[in-house]
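Trainee: This is the structure alone, sequence omitted:
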């Protein structure tokens, strides 16, 4: 498999009150195409900062972020925007959506903006609805975003992230704001998407969520302290995987 | 505790607090200066008349016979409380400015300051005291019209000698100073006046200024006495004479009222948005058990703090701003107490109180609000905001346009202030343009008891005992012959004005009367009702005269022309803006006493052959050379000059309004756009995170304002003509024109000015949206 994302000596520094805060220190890791990787670590370890830095949403202080062989840290703001729109999908912890649009309009908005799709507006809407069907939320298509539950909204966010057929999906604690049932449903969808070939990089605190991934990166104080690869495939015993991961995390100081 | 929370809040929410502060400052500045100006302007004319010590009634007579009759009348009525004053009359050929001829087509009068029946004021509104020898004061309008300045040399030539005077300054003259009065008055030292009067065989006019307790009764008796006068005045007439000056004041009042409404609306909007911004925090405070009263106290402390600071700053700014707004009106009118500091202070306190009350009202919601509702910004499962009217799948516009349209359809209330401001701004810009173009249009001459002609040749004419209709006809024929010799075939005629008394049943009135001399007949004029007088005993009267006499077409009225009383049948009604709508038109066959004529209008020239503007302009130049003592003008220019260059005044007011409107538009756009950017930070961040380019987001924001602006401009332009009729039409009606057709210049009204306002405002909006650059994709977490 090709390298989807190759991070080399990534550093991110904030200057707060004239004091230098090194959030990410020489981070190195590689995500293969088709991987589903979780970033874990204690609060304040730099998980979300790492996710936003490697997705081109935030600038980096030093290092390289190669996305399919292209260093995105050298890209202009415009190029980054096009890359995020056409090649990347995003899912946030809070189900951020445009307030005055219906759920369907929120989902298809990025696809309407993308020049990658030569589809007609009606075809885009049809595809949006198909995705909603797939995630079993088609019945809320014309609802206002305030009229639906958190779980439904997060699935709508997944639909939105898939609209431009991204090569990679970045998810920042996608189940963080959901209850157990909704959380499981969302992870089930993400797993399916990954199985269909989309690379996923997600940040989570939840061992159950991380156990569904192929690889876990453990971040402490802005450094990748360890990397855990599940030996078995995803179809394996989930409870066992959770246990294995938990033990590893305890070893890491979780 | 309050102070420390306040300090932190002011630091943390800099933008919103700054917006609120700016709006309080602006509201105080606009409201205090506008209300103070409104009070000053509404009282101005009464105060000016009082300060000038104008008599209750005044009249001007020219002949010795009229002077004798007037004195007999005053004696008979036992009136001793009157003053008299003599004037010397000159035409523009008799005077020079810095050794050069002046361009002025009305009569110039000279008066001895000491003998004058009123007080004069300098540009600082101080009473002009003793005038030093060889110094003179001119009215501001006359000074501007002849392009003179203080310190210039003004020469008066009499038959025997020439006299040089230095222009010492301008004199505000309540009787001769308005733009509606044709004549101008120069005031000078008594010795200079005496010297001038003794050394030339000059034409004199005598003024009688009567002080009486019962003006109405006096005026009735005066009318019945049928004394031939050139011009009469009382306080009401003087107020009417300043109607054109009050047009500018009225426009300023209109601007002020609009500014007040806009300020209040924007203030309400900003307070509403500020409180909404803080709902989440309010919810958290309620959730942790802080009492509603204490939370409200916290917000009240903040708004009180901001409103006091803003009130104080706005109060200080309102004084120079008010002065700036009044500048134009102050040129001709003495405005006393124009800067009423106490009023400014009261207005400032009122705005501070209003902001505090509005904040108190807005914080009332805190009492009813549940912690959950506040934390979730009202998102309790029920729909709490309007849903967009459009669906992305059904519209083919780009996403940025869709977002703009969707915002406008779902949050239209937020854009009402913008819409209202833009419509009002457009009306304020276009209405003066319509008035100005109407006043400058060649068609306007028909509203002044004249016919429409190709050219107007004006020079000052003084009528006296030797004046006859034949003399005038002879002069016109000589001019015609001279034109013919120069291969110009043209018809010439001139409008001669008289002042007669008319009566019908028990109603008596004094009015201007007109008769055309030369190549014209009464049927060449425009009438609103009836048919032109064709016989000697037929007349047409204006609406105003018809109203005063309570007479109509078919009635027989009596007209006393100072020599004889004759009966005339009214055959038509017409409108005239001469002397506030007065007018009687005689048939050309009727013989009138030309020795009593009050004046003549320009000689009107109509080319025999059709010609285009270029050809006409060429001929105009030839005519100017042939008749150097005449000023040759088009109808529009001639009338504009006759009206004291009022269109010029409106033009400068128009520029001022344009600047104010653009300034207010930009201000409202900047503040609302900034408020919206702060509010929509999260959504902008989200779209940036999703890969929307900055330019797309800028386009979304600009299009949203652009659509509102475009719709408002169209509405404003469409409403401008009917609004002009409603608002400015009454001024023309007061002047005697009952039926007005505004002259609309499509290039200016439909294109140029809307484009200037539109583009400047959109540019401001675009510059603000550049702030999107500072909203990072990471701001997504700010979505509430």
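Mentor: Yes, it's here. Because the structure is a prediction, the values reported are computed rather than measured.

Trainee: buried ones in the helix or strand harbouring residue B:663?
Mentor: Assessed by DSSP states H and E, residue B:663 sits inside helix B:646-679. Residues B:646-651, B:653-654, B:656-658, B:660-662, B:664-679 are the ones in helix B:646-679 that count as buried (16 or more other Cβ atoms under 10 Å in any protein chain shown). All C-beta spots, glycine's among them, are computed from the backbone N, C-alpha and C.

Trainee: Equivalent analysis for stretch B:345-354, please.
Mentor: Those would be B:347-348, B:351-352, B:354, for stretch B:345-354 by 16+ other Cβ under 10 Å.

Trainee: Next, count neighbours for residue B:8.
Mentor: Other residues lying near residue B:8 total 10 when counted by other Cβ atoms under 10 Å in any protein chain shown.

Trainee: How about residue B:358?
Mentor: Residue B:358, neighbours per other Cβ under 10 Å, totals 19.

Trainee: ok now do it, which residues does it touch?
Mentor: Applying Cβ atoms under 8 Å, 6 or more residues apart in numbering or on different chains to residue B:358 gives the contacts B:267-268, B:271.

Trainee: May I have the phi/psi pair for residue A:69?
Mentor: When read as degrees, to the nearest 10, the backbone of residue A:69 gives phi 90, psi 0.

Trainee: any idea of the pLDDT on residue B:5?
Mentor: According to the predicted model, the pLDDT of residue B:5 comes to 68.

Trainee: Ok, the one 5 residues further on next?
Mentor: We have a pLDDT of 72 for residue B:10.

Trainee: Likewise for the one 3 residues further on?
Mentor: At residue B:13, the predicted lDDT confidence score is 68.

Trainee: buried ones in stretch B:621-635?
Mentor: B:623, B:626-627, B:630-635.

Trainee: typo on my end, stretch B:288-308
Mentor: For stretch B:288-308, by 16+ other Cβ under 10 Å, it's B:292, B:295-296, B:298-299, B:301-308.

Trainee: Over to stretch A:122-135?
Mentor: Buried residues in stretch A:122-135 (16+ other Cβ under 10 Å): A:124-125, A:127-129, A:131-132, A:134-135.

Trainee: ditto for stretch B:149-159
Mentor: For stretch B:149-159, the neighbour count (16+ other Cβ under 10 Å) marks B:154-156, B:158 as buried.

Trainee: May I ask which two of those are separated the most?
Mentor: Using Cβ to Cβ, those span at most 13.9 Å, a distance reached by B:154 and B:158.

Trainee: Tell me where the model's unsure across the stretch 51-200 of chain A.
Mentor: For the stretch 51-200 of chain A, not a single residue meets the criterion pLDDT under 70.

Trainee: Nearest to chain A: which residue in chain B?
Mentor: Relative to chain A, the nearest point of chain B is residue B:691 (2.6 Å; Cβ to the nearest Cβ).

Trainee: which SS class is that residue?
Mentor: Secondary structure, DSSP: H, G, I helix; E, B strand; the rest coil: residue B:691 is coil.

Trainee: Could you count how many residues lie near it?
Mentor: Neighbour count for residue B:691, taken as other Cβ under 10 Å: 26.

Trainee: Residue A:251 sits in which helix or strand?
Mentor: Assessed by DSSP H and E, residue A:251 sits inside helix A:238-252.

Trainee: How about residues contacting that helix?
Mentor: Contacts of helix A:238-252 (Cβ under 8 Å, 6+ apart): A:40, A:207-208, A:210-212, A:216, A:218, A:220, A:225-226, A:228, A:230, A:232, A:254.

Trainee: ok, then the element right after the longest strand anywhere in chain B?
Mentor: As assigned by DSSP state E, the longest strand anywhere in chain B is strand B:490-504. Of the helices and strands lying after strand B:490-504 in sequence (DSSP H and E), the nearest is strand B:507-518.

Trainee: That following strand: partners in the sheet, and parallel or antiparallel?
Mentor: Partners of strand B:507-518 in the sheet, by DSSP bridges, are strand B:490-504 (antiparallel), strand B:584-586 (parallel).

Trainee: The last one: what's the following helix or strand?
Mentor: Past strand B:584-586, heading to the C-terminal end, the next element that is a helix or strand (DSSP H and E) is strand B:599-607.

Trainee: by how many degrees do that next one and strand B:490-504 diverge?
Mentor: With axes from the mean of the first three to the mean of the last three Cα atoms, to 10 degrees applied, the angle from strand B:599-607 to strand B:490-504 works out at 140 degrees.

Trainee: Who are the packing partners of strand B:599-607?
Mentor: Judged by 3 or more Cβ pairs under 8 Å, 6 or more residues apart in numbering or on different chains; DSSP states H and E, the packing partners of strand B:599-607 are strand B:455-458, helix B:469-485, strand B:490-504, helix B:613-626.

Trainee: buried set for the second one?
Mentor: Residues of helix B:469-485 classed as buried under the neighbour-count rule (16+ other Cβ under 10 Å) are B:469, B:472-473, B:475-476, B:479-480, B:483.

Trainee: among those, which are within reach of chain A?
Mentor: When Cβ under 8 Å from any Cβ of the partner chain is applied, no member of the buried residues of helix B:469-485 is adjacent to chain A.

Trainee: Tabulate these (a markdown table), appending pLDDT.
Mentor: As requested, these are exported to a markdown table (pLDDT from 0 to 100):
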| residue | pLDDT |
| --- | --- |
| B:469 | 86 |
| B:472 | 89 |
| B:473 | 90 |
| B:475 | 89 |
| B:476 | 91 |
| B:479 | 92 |
| B:480 | 91 |
| B:483 | 91 |
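
Trainee: Is it possible to get JSON lines of these that adds distance to residue B:221?
Mentor: JSON lines is the format used below for these (distance: Cβ to Cβ, whole Å):
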{"residue": "B:469", "distance to residue B:221": "32"}
{"residue": "B:472", "distance to residue B:221": "35"}
{"residue": "B:473", "distance to residue B:221": "38"}
{"residue": "B:475", "distance to residue B:221": "39"}
{"residue": "B:476", "distance to residue B:221": "40"}
{"residue": "B:479", "distance to residue B:221": "44"}
{"residue": "B:480", "distance to residue B:221": "46"}
{"residue": "B:483", "distance to residue B:221": "50"}
